[in-house]
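Student: My questions are about this predicted structure, shown below with the sequence.
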Amino acid sequence: MLYEVLLRTRCTYDRMAAGRQALRVMPADEAGIQRLVAGAIDIDPAPHERIDRIDFFGNRTVDVCFNTPNETVDVTVRARVDRFGYPPAMDVSARLEDLPVELAAMRNLGSTSPHHFVDTSPLVGPSPAIAEYVRDVMPKAATTMEIVGAINAALHRDLRYDGDATTVDTPLEEAFAKRRGVCQDFTHIMIACLREIGIPAGYVSGFLRTEPPKGKPRLEGADAMHAWVQAWCGANAGWIEFDPTNAMMAGLDHIVAARGRDYFDVAPVRGVLRTAGSQDISQSVDVIPLA
Amino acid sequence: MASVNDKKVPKWNAASEYRPMPGVPDELMSENGAIRPVWSQFLSYFSSLAPADLAGRFARGDEYLRDAGVYFRQYDQKNAIDRSWPLSHVPVILHESEWADIASALTQRADLLEHVAADIYGPNNLVAEGKLPASIIAGNPEWLRPMVGVRPASGHFLHFLAFDLGRGPNGQWWVLEDRVQAPSGAGFALENRVATARVFSDYYSEAHVHRLAGFFRRFRESLNLMRGGDENGIAILSPGPMTDTYYEHAYIARYLGMGLLEGEDLSVENDRVMVRSVSGNRPISVLWRRLDSTFADPLEFDGASRLGTPGLAGAVRHGNISMVNALGAGALEAKALFAFLPRISEAVMGQPLGMPNVATWWCGSEMERRHVAANSERMVICPAVPPLRLAGRPARPEFGMGEAGRELILTPENGRHFVGQEAVTLSTTPSWEDGRLLPRPLSLRVYLARTADGWVAMPGGFARIGHSRDPKAIAMQQGGAVADVWVVSDRKVSTETMLAPPAGPYVRPRQGALPSRAADNLFWLGRYVERAESTMRLMRAYFARLAEAGELESPLLSYVREHIDARDIEANEAIPTSLRAMFSSAIGSAAKIRDRFSVDGWMALNDLADSANRMTLTATVGDDSARAMSVLLRKITGFSGLVHENMYRFVGWRFLTLGRSLERALAITSLLTSMTDDEAPDGALDFAVEVGDSTLSHRRRYTVRTTRPTVIDLMALDSMNPRSILYQLNEIKTQVDLLPDAGVPGHMSELARAALRTQTNIAVQTPEAFDIEALNQTYDEIAALSELITKAYLK
């Protein structure tokens, strides 16, 4: 499916701010999943320094530096993306009890190695409440993929999508206690659930198709950048992506921007700014199918 | 060796009651109670000293450490307390042949660690070949993903290492810890040495003890080489005064003549690291990092860190800065590595470890986990990798761990988070306690530095000594002590010093740029000290008049009290709280620039604050407090004398002087504004002249009593009187003109213009025309100068 992606991000500061930022906003180019046909990032005002690079997890990263303070910074992304990765049709995932052995046999530390996604990461650590919850909702005697699917469905059932309940800095424990949040909270909670029972899990940021195909409901999270979960389901099945906000597996409507352990690794705008005031980020996203 | 060869038969034998613990090797005595040869000369010397003499000698060593300001910071539940340095005065003595074995085994280990670092930040062959489990790298929070694939600019990851060693029951040394992140304590080793050499001053110089200075000289030379061709700076990067080893950072910086920087002193421009200095941003090429990697760049590592520099990791990626050690080197401190290093050594170096490390089993493998469980009574269970620490938050636990006890630890799910290590018994060494030598557990810290000719080991200097028989109580935080280590030779040793013999023609070194933060602290140090001085002069004059007046309240007293109140000084306190706060602020500023500040100056400042605090307990308002002010004034004059007689006239001194002159000009202006007002009561003019320390000058210059014109003439407009406004403005103008980049050539800077304008306005005044309004305007103009200095240099 070929898409035109348009992302407009505006950072507004109460007090003028200067400093460094790392942007991870460009749709990814991933063999077998999606192809970036063309894309450009426009930054206004123009930064004093700009370096385009690929980070550890393979994400397109733009480092920018503003020497003089600004009231607003606009980042506009225009991209044409072909998304062709389908969810797996067959369940070839490992049984959960075999996962540790399959994991130990993975002798590599490349960017897609499941070993990066097992332990505590900057924003996702263990929580007793989540440990109890996941043991309640996971089916016994099932494949890893079935278990991940069941947790995905359970979270969608038990959490309410609520844009006012949390902010970008709300710890996942707090969002879980409220049982409310947005895609970032859903994703972090699900990652914590999966790691708790030994399933390597990571954070995927990206975009959703804005208007659904005829006869289908509009997906939650299509107005801004979206987030979902990747779970490692064994050596044969590899990584499988689930979207707990929409109770589905990620498919042709999900366009990948960046992957990492949690939001820390993939935040669209990550900055260290010299300002005493707060900042506000507004986004608009249009993802229009071309064919 | 006079004292030994005098052949005076010792009256007592210091070791006659010394008994090592059964089954524990001792440094001084062999199993059969014989003194080991390497100790015998020292022991007979030691026995020749009367016990009373020893106490005096130990006190001399402690006094040196106190005067040098050596302390360490101890933490209880809530507070950090600075304690005196716990020197165990009896050195640990090792023969150079044993030391050579230690150094060669650790050189091999250093090379091995370098190999592992290059591998885990490079091709990851060790993981691919199954020599290291992936999870102890991926699960190690010190393994920094942004640094993967980055070759260090210097060509090496590791440049400065420390190892903690213990001697096991069979007499062999074992590695207890690898210190790779940012090894501390080398500066303390130097201080241990100076203090211990002072205690045994009549013996040390002839005792064939290998000197430490050559090690530091060679390390500094190798840091110089790391700059490559460029002339840019080298500095120590410190977390700042809140860290427990800050004293040592400042000490090493002074000793090696290197700058001491904090993260906020640095900025990154186009992937070059720059020092924000009063001369603008200057590039820097080598950082000796004493700051943990994860705090070094909030953009890529710990986002909550306030200690780091955004963009630093990017600069490293671009090869524009050399780090000692590389960012991410802390990953090598993982205990789990101990379990694999012996095999890695065989595989990649083709030889076994020259010195074993503590036997360690990683509980992520089933066989090892069972072994640990079966032998758990002689095992210590530790975390396999360092915990994930994020600024301002407690260390995060791991998944599956909950409130795990030991039995839960050794499950298949959790085992990988832990290692079992064989419990260590340490050898003992003599320590002087309660008038006798007692055997106390010992661990050595050995430092290695990479030089152009390979690794060199610092010959001795640092051992930790337990305070009881319990080998676990060796940490300083738990009351342990520290001792010098003497590596002795059978022959004379070379007494090289820190200063290298000149090689080639003399080249005048370039002066390093003064970081803006250091300039800011010097400026405020000058201001606080002067503010304290003028406060004391004011209060002394007030207290003296109060004492003369007795119970009587005079118009002058209440007028002066209003002036004092308006300055937020507590007139009803013998040693005003606000005055003591000024001392604390001065010390606070000085503490941030210890590397640029003489030890004598530091001691003088602390002495001043201590005296004021002591006086607070007893002094009463009146004659008593007037005399207290005189005592403190004499002490502060001592401090100012040190600064102005001894301090090198580098640009930092100019900021100190500017702070002092500004503050003094402001104090005189505000004094004159009050005391020369038409409304001021009788005696106010004399009061002003006294506070301005100008009574004698007034009497000599004007044979009349004080009038407003004479007082203004002397205290505002007299360019020869150091306590006049004009004198201080002349000084300010002189210093401003000498500051770096004071203006575009041919054009004055905003600050230089303002300084000239303010100075000229006063210089052309006449006493009659210099009224209260003019004084008020002058005050505002001087205050504006302070703002301009801050804006131009100190931000």
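Tutor: Done, it's in.

Student: least trustworthy helix or strand in the chain by mean pLDDT?
Tutor: No chain specified, so I'll use chain A. Least confident element among the helices and strands of chain A, by mean pLDDT, DSSP states H and E: strand A:269-274 (a mean of 78).

Student: sorry, should have said chain B
Tutor: Every helix and strand of chain B was ranked by mean pLDDT, DSSP H and E. The lowest is helix B:2-5, at a mean of 45.

Student: Can you give the distance of the helix or strand following that one from its chain's centre?
Tutor: Using DSSP states H and E, the next helix or strand after helix B:2-5 towards the C-terminus is helix B:37-48. Relative to its chain's centre, helix B:37-48 lies at 35 Å (C-alpha atoms, centre = their mean, to the nearest Å).

Student: Check which helices and strands helix B:37-48 sits against.
Tutor: Contact here means 3 or more C-beta pairs under 8 Å, 6 or more residues apart in numbering or on different chains; DSSP states H and E; on that basis helix B:37-48 packs against helix B:2-5, strand B:92-95. Where you see a C-beta, it was placed from the backbone N, CA and C, and this is true even at glycine.

Student: Now do the buried residues in it.
Tutor: Across helix B:37-48, burial judged by 16 or more other C-beta atoms under 10 Å in any protein chain shown covers B:38, B:39, B:41, B:42, B:43, B:44, B:45, B:46, B:47, B:48.

Student: got the CA positions of that helix in PDB?
Tutor: Extracted C-alpha coordinates of helix B:37-48, given in PDB (Å, rounded to 0.1, in the frame of the first residue of the first chain):
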ATOM      1  CA  PRO B  37      62.900  -9.600  55.200                       C
ATOM      2  CA  VAL B  38      61.300  -6.700  53.400                       C
ATOM      3  CA  TRP B  39      59.900  -5.400  56.700                       C
ATOM      4  CA  SER B  40      62.900  -6.000  59.000                       C
ATOM      5  CA  GLN B  41      64.700  -2.700  58.400                       C
ATOM      6  CA  PHE B  42      61.500  -0.700  58.900                       C
ATOM      7  CA  LEU B  43      60.500  -2.600  61.900                       C
ATOM      8  CA  SER B  44      63.800  -2.100  63.700                       C
ATOM      9  CA  TYR B  45      63.600   1.600  62.900                       C
ATOM     10  CA  PHE B  46      60.100   1.700  64.100                       C
ATOM     11  CA  SER B  47      61.100   0.000  67.300                       C
ATOM     12  CA  SER B  48      63.800   2.600  67.900                       C
END
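
Student: same question for the helix or strand following it, mean pLDDT?
Tutor: Proceeding N to C from helix B:37-48, the next assigned helix or strand is helix B:51-67, under DSSP H and E. Regarding helix B:51-67, the rounded mean pLDDT is 88.

Student: sorry, back to before: what two of the buried residues of helix B:37-48 are the furthest from one another?
Tutor: B:38 and B:48 (18.2 Å; C-beta to C-beta).

Student: tell me the mean pLDDT over stretch B:466-484?
Tutor: Averaging pLDDT along stretch B:466-484 yields 72.

Student: can you check stretch B:388-396 too?
Tutor: For stretch B:388-396, the mean per-residue pLDDT is 72.

Student: Ok, stretch B:575-582 next?
Tutor: Stretch B:575-582 carries an average pLDDT of 95.

Student: Now do the contacts for the closest residue to residue A:96 other than its chain neighbours.
Tutor: Spatially, and ignoring its direct neighbours in sequence, residue A:96 is nearest to residue A:144 (5.3 Å; C-beta to C-beta, 6 or more residues apart in numbering or on different chains). Residue A:144 is in contact with A:93, A:94, A:95, A:96, A:99, A:199, A:231, A:233, A:234, A:237, counting by C-beta atoms under 8 Å, 6 or more residues apart in numbering or on different chains.

Student: Format the buried residues of helix B:37-48 as CSV; extra columns: pLDDT.
Tutor: Shown next, in CSV, are the buried residues of helix B:37-48 (pLDDT from 0 to 100):
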residue, pLDDT
B:38, 95
B:39, 96
B:41, 94
B:42, 95
B:43, 94
B:44, 92
B:45, 94
B:46, 93
B:47, 91
B:48, 90
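
Student: can you name the farthest residue from the center of chain B?
Tutor: Here chain B reaches farthest from its C-alpha mean at residue B:704, the gap being 55.2 Å by C-alpha atoms, centre = their mean.

Student: Show me which residues of the stretch 1-150 of chain B are close to chain A?
Tutor: The stretch 1-150 of chain B has residues B:120, B:124, B:127-130, B:133-135, B:137-139, B:141, B:145-146, B:148 near chain A, with proximity defined as C-beta under 8 Å from any C-beta of the partner chain.

Student: same thing with chain B?
Tutor: Residues of chain B found near chain A (C-beta under 8 Å from any C-beta) are B:120, B:124, B:127-130, B:133-135, B:137-139, B:141, B:145-146, B:148, B:268-271, B:298-300, B:302-303, B:310-311, B:314, B:364, B:388, B:390, B:396-402, B:412-413.

Student: one step back: and the residue nearest to residue A:96, how far from residue B:364?
Tutor: Residue A:144 is 20 Å from residue B:364, where distance means C-beta to C-beta, to the nearest Å.

Student: Tell me, how many residues neighbour residue A:253?
Tutor: Look at residue A:253: counted by other C-beta atoms under 10 Å in any protein chain shown, it has 23 neighbours.

Student: picking up where we left off before, which residue packs closest to the residue farthest from the centre of chain B, ignoring adjacent ones?
Tutor: Sequence neighbours aside, residue B:710 is the residue nearest to residue B:704 in space, at 6.8 Å (criterion: C-beta to C-beta, 6+ apart).
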